[in-house]
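*Asks:* Could you look at this predicted model? Sequence included:
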Amino acid sequence: MKLHDLNPVAGSNRKRKRVGRGISAGQGKTSGRGTKGQGARTGGLPAPYFEGGQLPLVRRLPFKRGFTNLGKIDYAEVNVGRLGGFEKDAEIDPAALAAAGLIKDPQGPVAVLGDGELKTALKVKAHRFSKNAKAKIEAAGGSVEVLEK
């Protein structure tokens, strides 16, 4: 295949509709805009939420819009069961988790959750631990250290 062989897929390129070019063109006279009214004028149609003067739905249901919590902290979550791949007595911090591919950003806050089982003793450092995760890590002979946010 060469550059001169390339063609667009059949039906992907349509000819532009030339409105207002005579009655035989099929879109003459009113150019598909009907007769008179707001839609026939230039700058016509109102904004999509406009309901003809009736109070728009967006304004009738203000409680449905919600809000953005500016104080929200997005934790990278790691379950205890995923820590089993580390060696015994290994020191696990966000950088080690990122290197192992368990989280994406080593600079962001990390939360360790309690799903799964842990058999090896590990020194885990994270920004937050669930009660269940803390109990499982300590039961396996490991230690938990909470990092500052």
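*Replies:* Sure, I can see it. Numbers count the residues shown, from 1 in each chain.
*Asks:* switch to C-alpha atoms for all contacts and neighbour counts from now on
*Replies:* Will do.
*Asks:* The residue lying closest to Gly81 once chain neighbours are set aside: what's it in contact with?
*Replies:* In space, Gly81 comes closest to Gly116 once its chain neighbours are excluded; the distance is 3.9 Å by Cα to Cα, 6 or more residues apart in numbering. By Cα atoms under 8 Å, 6 or more residues apart in numbering, the contact list for Gly116 reads Asn79, Val80, Gly81, Arg82.
*Asks:* what does Glu138 give?
*Replies:* Ala121, Val144.
*Asks:* How far away from the center of its chain is the one helix or strand it maps to?
*Replies:* Secondary structure assignment for Glu138, by DSSP states H and E: helix 131-139. Here helix 131-139 is found 31 Å from its chain centre; the criterion is Cα atoms, centre = their mean, to the nearest Å.
*Asks:* got the buried residues for the next helix or strand after that helix?
*Replies:* Using DSSP H and E, the helix or strand that follows helix 131-139 in sequence is strand 143-146. Within strand 143-146, the residues that count as buried by 16 or more other Cα atoms under 10 Å are Ser143, Val144.
*Asks:* what are the ranges of the strands in the chain?
*Replies:* Along the chain, the stretches classed as strands by DSSP state E are 76-79, 91-92, 110-113, 123-126, 128-129, 143-146.
*Asks:* Since that was my last question, I'll sign off now.
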